[in-house]
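Novice: Show me how the following folds:
(one chain, ligands or ions: 3)
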Amino acid sequence: MTQQILVLPGDGIGPEIVTEAVKVLDALRDRHGLDITTVEGLVGGAAYEAEGHPLPEETLQMARESNAVLLGAVGGPQWEALDRPLRPEQGLLGLRSELELFANLRPAILYPQLAEASTLKPEVVAGLDIIIVRELTGGIYFGQPRGVRTNAAGEREGYNTFVYSESEIRRIGRVAFETARRRGGRLCSVDKANVLEATELWRQVITELHAEYPDVELSHMYVDNAAMQLVREPKQFDVVVTSNMFGDILSDAAAQLTGSIGMLPSASLNADGTGMYEPIHGSAPDIAGQGAANPLATILSVAMMLRHSLGAPALADAVEAAVGRVLDGGLRTPDIHYAGTTRATTAEMGDAVVAELKQ
Ligand SMILES: NC(=O)C1=CN([C@@H]2O[C@H](COP(=O)(O)OP(=O)(O)OC[C@H]3O[C@@H](n4cnc5c(N)ncnc54)[C@H](O)[C@@H]3O)[C@@H](O)[C@H]2O)C=CC1
Ligand SMILES: CC(C)CC(=O)C(=O)O
Ligand SMILES: [Mg+2]
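Specialist: Numbering: from 1, shown residues only. Ligands and ions are numbered 1, 2, ... in the order given. As a prediction, this is how the structure comes out:
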């Protein structure tokens, strides 16, 4: 049966990188027999400009009717002064929450060809293959109450709520233990249990759950130490499970281990395997419109879509291998460019992946 993919380019570099990922999807459909159809929708600032809301009802409806969603990125300085519910980022958070995409998989894999692109010493990052399992629909990004109020001293104060229920921790914990079981068998749960009650409960629930996964080696680490360990000795990790905000921050740090934030894809999954696929980076307003964005994180997100939502693991492998061959050939967008390699635009990089896929 034909599977439908909702394409949401969003803002900034979003349309540029998504164009390249759609070229890959088109090639898979036309030349490799992938039975898909794509529809396009609005999200973020683009949706606000056209419809007055960052997540129009029509977009949400199309997402619900699709087998998978491919998203670029949202946000930009021009929308920062809007009331919070109208800001582009709320469109993305709304999609994650409405589709119950609680499990965010963020693999950080160093392509060997990019060892020199990393700002870390090659021996620190060579062979890096870790995955961050980030809880995506709870924690401080969604907790109530939140806002800005005037306190008793007549001063403005901002407040947010860091809250996790046992069931929210358990379901992301299960995804993480299962992921570890399929990989190197090691899970590190990252929290701030020494200070925050919500993450003290996190540590307890993950520890309880461990009884069901005795074959997985579990460790716990405070988030401040984890940030340091990620740059000190990243290969000590296999699977990391953590809360929404900690995962957001740690995955940007992990991205740089691989050479660039433009290399890290992600899958956001719900309980029935429906997924949204997006690069981990944002809309990069500083380079938007210049053809300078690296489209590989978005193209690698297509590979994750093929594996997790479209039941096409062999095509996922083919896309990842095509990316590897393009890097072998020396083509580099500016973020991963260094002496001896060939500078490429966003579109040249996408075209090169498509050309490699044809072989
Ligand atoms: N998932 C999403 O849609 C996200 C949206 N944002 C939004 O994006 C906007 C910009 O946020 P920033 O903090 O600057 O984060 P960002 O991730 O957009 O950019 C950080 C830095 O990385 C570079 N970069 C990002 N993606 C790249 C790519 N594919 N190729 C080459 N370089 C790349 C940018 O040029 C910038 O220097 C904000 O409005 C923010 O709210 C931020 C993070 C995630
Ligand atoms: C802009 C935020 C809503 C998201 C973010 O930074 C992320 O998911 O990595
Ligand atoms: Mg982020």
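Novice: and the residue nearest to Gly147 when sequence neighbours are not counted, how many neighbours?
Specialist: Of all residues not flanking Gly147 in the chain, Tyr159 sits nearest, at 6.5 Å (C-beta to C-beta, 6 or more residues apart in numbering). For glycine as for every other residue, the C-beta is placed from the backbone atoms N, C-alpha and C. A count of neighbours around Tyr159, defined by other C-beta atoms under 10 Å, yields 11.
Novice: Show the pLDDT at Tyr159.
Specialist: pLDDT for Tyr159: 98.
Novice: hang on, it packs against Arg146?
Specialist: Yes. Applying C-beta atoms under 8 Å as the test, Tyr159 and Arg146 come out as touching, 6.4 Å apart.
Novice: Can stretch 257-270 be said to contact ligand 1?
Specialist: Yes. Against ligand 1, stretch 257-270 shows contacts by C-beta under 6 Å from any ligand atom at Ile261, Gly262.
Novice: ok, is that stretch in contact with ligand 2 or not?
Specialist: No. Stretch 257-270 is not in contact with ligand 2 by C-beta under 6 Å from any ligand atom; minimum separation 7.8 Å.
Novice: Now name the helix or strand holding the spatially closest residue to Glu65 that is not a sequence neighbour.
Specialist: Nearest residue to Glu65 in three dimensions, chain neighbours excluded: Gln4, at 6.7 Å (C-beta to C-beta, 6+ apart). Using DSSP states H and E, Gln4 sits in strand 3-10.
Novice: can I get the CA coordinates of that strand in CSV?
Specialist: In CSV, the C-alpha atoms belonging to strand 3-10 read as follows (Å, rounded to 0.1, in the frame of the first residue of the first chain):
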residue,chain,number,x,y,z
GLN,A,3,2.6,5.2,2.2
GLN,A,4,2.1,9.0,2.7
ILE,A,5,4.9,11.3,3.9
LEU,A,6,4.0,14.7,5.1
VAL,A,7,6.8,17.2,4.2
LEU,A,8,7.1,20.3,6.5
PRO,A,9,10.0,22.5,5.3
GLY,A,10,9.5,25.2,8.0
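Novice: From Gln78, how far off is Leu306?
Specialist: 34 Å (C-beta to C-beta, to the nearest Å).
Novice: To clarify, my last question referred to Arg171.
Specialist: Counting by C-beta to C-beta, the separation of Arg171 from Gln78 is 37 Å.
Novice: Which of the two has more residues huddled nearby?
Specialist: Neighbour tally, Arg171 and Gln78, criterion other C-beta under 10 Å: the higher count belongs to Arg171, 19 against 13.
Novice: With adjacent residues omitted, what lies nearest to that one?
Specialist: Leaving aside its sequence neighbours, Arg171 sits nearest to Phe102 (C-beta to C-beta, 6+ apart; 6.2 Å).
Novice: Return the per-residue confidence for the one you found.
Specialist: Listed pLDDT for Phe102 reads 98.
Novice: Provide a list of residues in contact with it.
Specialist: Glu135, Leu136, Thr137, Gly138, Glu168, Arg171, Ile172, Leu269, Asn270, Ala271 (C-beta atoms under 8 Å, 6 or more residues apart in numbering).
Novice: Need the phi and psi values for the first one.
Specialist: Translated: Glu135. Per-residue torsions, Glu135: phi -70, psi 130 (degrees, to the nearest 10).
Novice: and the nearest residue to it once chain neighbours are set aside, what does it touch?
Specialist: Leaving out its chain neighbours, the residue that sits closest to Glu135 by C-beta to C-beta, 6+ apart is Ile172, at 4.3 Å. By C-beta under 8 Å, 6+ apart, the contact list for Ile172 reads Phe102, Ala103, Val133, Glu135, Val241.
Novice: 10 Å instead?
Specialist: Contact analysis of Ile172 by C-beta atoms under 10 Å, 6 or more residues apart in numbering lists 102-104, 133-138, 164, 202, 205-206, 209, 241-244, 247.
Novice: Select from those residues every entry located in helices.
Specialist: Trp202, Val205, Ile206, Leu209, Asn244, Gly247 (DSSP state H).
Novice: before we move on, the earlier item: can you classify the residue nearest to Glu135 as helix, strand or coil?
Specialist: helix (DSSP: H, G, I helix; E, B strand; the rest coil).
Novice: which residues does Thr199 contact?
Specialist: Contacts of Thr199 by C-beta under 10 Å, 6+ apart are 139, 162, 164, 169, 189-193, 206, 220, 222-223, 242-243, 246.
Novice: Do you know the pLDDT at the single nearest residue of the stretch 1-150 of the chain relative to ligand 2?
Specialist: Proximity of the stretch 1-150 of the chain to ligand 2 (C-beta to the nearest ligand atom) peaks at Glu89, 4.2 Å away. Per-residue confidence at Glu89 stands at 98 (pLDDT).
Novice: Show me the strands in the stretch 1-150 of the chain, by range?
Specialist: Assigned by DSSP state E, counting those that start in this stretch, the strands in the stretch 1-150 of the chain fall at 3-10, 36-40, 68-73, 103-109, 129-135, 147-150.
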